[in-house]
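Peer 1: Okay, sequence plus prediction incoming.
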Amino acid sequence: TISYKEQKISAKATPQATPQATPQATPQVIVEFCSKPKSTKEIMSEDILYMKDGSVNPYAYSRWSDTPNKLLQNLFLSAIEKSGLFRAAVPFGSRARSDFLLESTVEEFYQTFEGDEAYGRVKVRFYLIDIKRREVVAACELSSFKKAPTLDAKGGVSALSDASKEVALKLLKWLFGLKY
């Protein structure tokens, strides 16, 4: 059983590599990942967003290949599967009997401009739910802030990609720190 923990992890605590569970240490639990992270309507679109002077706007001629919600779902599910932390990580709606459900809400996903620099900003809130008891057993907010190499949509995509990968690593670090 996991005891309830509430944590905030800032972008300063950057793991250097993906943690790997040893086969003997791998819990025999299955985690089910929610269909896709929830978010605001503007984030749940294919628009690449930027924030300047306190206002969030889409780039006129640049789009994501899919919504950030779906892209993040694939990234997080892949990271959890490869980590070896759980016996299996299955997508939402799988017929596999799961022990936990991992839900998430994307709170920030945009390029931001500060002076003559740009950054990718990603913030996601995670909830680990015990399916049998139907209760949240752990929650955390993970964020990352990465400098963009250029001040355009291409630079924003690069920074958001890097920030998303860092959030995925932090998610693994958080999940590894919980007691099952």
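Peer 2: Nice, thanks for sending it over.
Peer 1: can you pull out the helices in this structure?
Peer 2: Under the criterion DSSP state H, the chain contains helices at 68-83, 153-177.
Peer 1: averaging pLDDT over each of these, which comes out lowest?
Peer 2: Least confident of the helices of the chain, judged by mean pLDDT, is helix 68-83 with a mean of 92.
Peer 1: What residues sit buried inside that helix?
Peer 2: 68, 69, 70, 71, 72, 73, 75, 76, 77, 79, 80, 83 (16 or more other Cβ atoms under 10 Å). For every residue, glycine as well, the C-beta is placed using N, CA and C.
Peer 1: my read: the fourth one touches residue 64, true?
Peer 2: Yep, that's residue 71 we're talking about. Yes - using Cβ atoms under 8 Å, residue 71 is in contact with residue 64, at 6.6 Å.
Peer 1: Show me what counts as buried in stretch 113-128.
Peer 2: 118, 119, 120, 121, 122, 123, 124, 125, 126, 128.
Peer 1: Check stretch 169-180 too.
Peer 2: Within stretch 169-180, the residues that qualify as buried are 169, 170, 171, 172, 173, 174, 175, 178, counting by 16+ other Cβ under 10 Å.
Peer 1: Stretch 52-59 too?
Peer 2: 56, 58, 59.
Peer 1: Over to stretch 38-47?
Peer 2: 39, 43, 44, 45, 47.
Peer 1: what's the answer for stretch 148-164, then?
Peer 2: So for stretch 148-164, counting by 16+ other Cβ under 10 Å, buried means 148, 153, 155, 156, 157, 158, 159, 160, 162, 163, 164.
Peer 1: From those, pick the one nearest residue 132.
Peer 2: residue 164 (31.2 Å; Cβ to Cβ).
Peer 1: Tell me how far that closest one lies from residue 124.
Peer 2: Using Cβ to Cβ, to the nearest Å, we find residue 164 at a distance of 9 Å from residue 124.
Peer 1: Give me the common contacts of the two.
Peer 2: Taking Cβ atoms under 8 Å, 6 or more residues apart in numbering as the criterion, residue 164 and residue 124 both touch residue 72.
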